[in-house]
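J.: Okay, sequence plus prediction incoming.
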Amino acid sequence: MKLANRVQSLTPSTTLAITAKAKELKAQGIDIIGLGAGEPDYNTPQHIIDAAIQSMNDGQTKYTPSAGLPKLKEAIAAKLKRDQGLEYKTSEILVGSGAKHALYTLFQAILDEGDEVIVPIPYWVSYPEQIKLADGKPVYIVGTEENQYKITKEQLEQAITEKTKAVIINSPSNPTGMLYSREELAAIGEVCLAHDILIVSDEIYEKLVYGNATHTSIAEISPALKKQTIIINGVSKSHSMTGWRIGYAAGDESIIKAMTNLASHSTSNPTTTAQYGAIAAYEGPQDAVEEMRQAFEERLNKIYDKLIEIPGFSCIKPQGAFYLFPNVKRAAELTGYSNVEDFTTALLEEAKVAVIPGSGFGAPDNIRLSYATSLELLEAAIERIHSFVTSKM
Ligand code: PLP
């Protein structure tokens, strides 16, 4: 049967493709160190698991409202007040099956054919595909290495057309780990307000911030910007709950209502048990969140200096998330590879380290390494890459 055009033009996730290949090699008994992971390597905190089990034992195993349990929406509203100082009504919040699905529903709700969404490069792999699945058109702006891979107000201004509907800001960023400062966000926000462009603020890595960096949501900057912004966030990365599939969107009531209608005909509610877990995540102790943050920071500090010693690697020190995104074009050249994809394949097959080529994030000169794995493995992986590069030079 001929498949629909919309799925034929979908690019499969590069992250998942390389992870599958690494798994295949591991299954053959080959000792691969995987630095492809997009999830924390910690268990979900026990009190969250206990709360989820308790809810099932209490008989909470039925449908909930499509946009989520009122109690979870209240817990999210309380979190937004506590962490961002922002007031949201429960009617301005939708709980989805992960932040990814909240974003998918958002694009379905706001885009008509040909509507443009500005996507900064490097981007998280799913943004362009989700926009295209909603018949929209991703319009790219390149965040340069000199500007820490962030876009400027001027670049944004130039990319706007009468079809521009939204811009995505992902801070801290996957894959670069960079954060936008309050001033940078204020400048971008000014342009969005002037042109009435919706800001999609993906804050999923909010809790993973290091050194002197602090996370600011663009919605915090002014009431006008709050109105102009849809915040996307969830428990996947903050509470190590990737498999639970709970994320949310917070913003304009009419957009949330449209998203709720869409959800009512697609997913219905996110899994009831997972919602009870998420209530415990937001209402319970936050110590585990901070412990994980500290562990990631320690790993980053330990491996960053070693990474930049590898010949041909240049890397800005990330301020958040759990990824390093070095430019390795020179390393590929030095070792005789004509492009970074081939260099990445050689890293997997010869150095036995799985990393993600930057092409999937719109940045073909880079690779993404995740430090969501033990320090011991990280150090061994960097050592392997270093030896591989020097042996080939
Ligand atoms: N946004 C970014 C930037 C991500 O990196 C991810 C997950 O990798 C998501 C959203 C999706 O998170 P979730 O697991 O809640 O769907």
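T.: Perfect, thanks for sending it. The model shown is predicted, which means the values in this text are computed figures rather than measured ones.
J.: Tell me which residues touch whichever residue of the stretch 51-200 of the chain sits closest to the ligand, please.
T.: Of all residues in the stretch 51-200 of the chain, the one sitting closest to the ligand is Gly98 (2.8 Å; CB to the nearest ligand atom). For the C-beta atoms, the positions are set from N, CA and C on the backbone; glycine is no exception. By CB atoms under 8 Å, 6 or more residues apart in numbering, Gly98 lies in contact with Gly234, Ser236, Arg245, Ile246, Gly247, Pro270.
J.: Closest one of those to Ser217?
T.: For the contacts of Gly98, the residue nearest Ser217 by CB to CB is Gly234; the value is 14.1 Å.
J.: so what's the closest one up against?
T.: Gly98, Ala99, Ala102, Ile204, Ile246, Gly247, Tyr248.
J.: cutoff 6 Å now
T.: Ala99, Ile246, Gly247, Tyr248 (CB atoms under 6 Å, 6 or more residues apart in numbering).
J.: tell me the pLDDT at the second one?
T.: Same thing as Ile246. Looking at Ile246, its pLDDT reads 98.
J.: how about the residues of the stretch 101-250 of the chain near the ligand?
T.: Counting by CB under 6 Å from any ligand atom, the stretch 101-250 of the chain comes close to the ligand at Trp124, Asn170, Asn174, Asp202, Ile204, Gly234, Ser236, Thr242, Gly247.
J.: what are the phi and psi angles of the fourth one?
T.: Read it as Asp202. phi -90, psi 110 (degrees, to the nearest 10).
J.: Verify the contact between it and Pro172 for me.
T.: No - if you go by CB atoms under 6 Å, Asp202 and Pro172 don't touch, sitting 9.7 Å apart.
J.: what's near enough to touch the residue of the stretch 251-393 of the chain found nearest the ligand?
T.: Closest to the ligand within the stretch 251-393 of the chain is Ala321: 7.6 Å, counting by CB to the nearest ligand atom. Contacts for Ala321 (CB under 6 Å, 6+ apart) come out as Pro172, Asn174, Gly177, Tyr205, Leu208.
J.: Please report how far it lies from Gln60.
T.: For Ala321, the distance to Gln60 equals 33 Å [CB to CB, to the nearest Å].
J.: Spatially, which two of the contacts of Gly98 are the most separated?
T.: Within the contacts of Gly98, Ser236 and Pro270 form the most distant pair, 12.0 Å apart (CB to CB).
J.: neighbour-wise, which of those two wins?
T.: Pro270 (29 against 22; other CB atoms under 10 Å).
J.: which residue packs closest to that one, ignoring adjacent ones?
T.: Nearest residue to Pro270, sequence neighbours excluded (CB to CB, 6 or more residues apart in numbering): Ser97, at 4.5 Å.
J.: pretty sure that neighbour is touching Arg245, no?
T.: Yes - with contact defined as CB under 6 Å, Ser97 and Arg245 form a contacting pair (4.5 Å).
J.: List the buried residues in the helix or strand of the chain with the lowest mean pLDDT.
T.: None of the helices or strands of the chain scores lower by mean pLDDT, DSSP states H and E than helix 14-27, at a mean of 82. Using 16 or more other CB atoms under 10 Å as the test for burial, helix 14-27 gives Thr14, Thr15, Ile18, Thr19, Lys21, Ala22, Leu25.
J.: Please name the residues that touch the fourth one.
T.: Contacts here follow CB under 6 Å, 6+ apart; on that basis Thr19 touches Gly36.
J.: can you start the count at 343 instead of 1 from here on
T.: Taking 343 as the first residue, the last one we looked at is Thr361.
J.: Torsion angles phi and psi at His581?
T.: phi -110, psi 20.
J.: do you know how far it is from the ligand?
T.: 11 Å (CB to the nearest ligand atom, to the nearest Å).
J.: now swap in Thr361 and tell me
T.: 12 Å.
J.: quick one on the thing from earlier: taking the residues of the stretch 443-592 of the chain next to the ligand, tell me the two that lie furthest apart.
T.: Asn512 and Thr584 (17.0 Å).
J.: Which one of these two is surrounded by more residues?
T.: Neighbours per residue, other CB under 10 Å: of Asn512 and Thr584, the larger number sits with Asn512, 24 against 17.
J.: For that one, which residues are in contact?
T.: Contacts of Asn512 by CB under 6 Å, 6+ apart are Trp466, Asp544.
J.: The same query, at a cut-off of 10 Å, please.
T.: Applying CB atoms under 10 Å, 6 or more residues apart in numbering, we find Asn512 in contact with 461-462, 464-466, 469, 518, 520, 522, 542-547, 574, 663.
J.: These in helices, which ones?
T.: Among the contacts of Asn512, the ones falling in helices (DSSP state H) are Tyr469.
J.: Thank you kindly, that will do.
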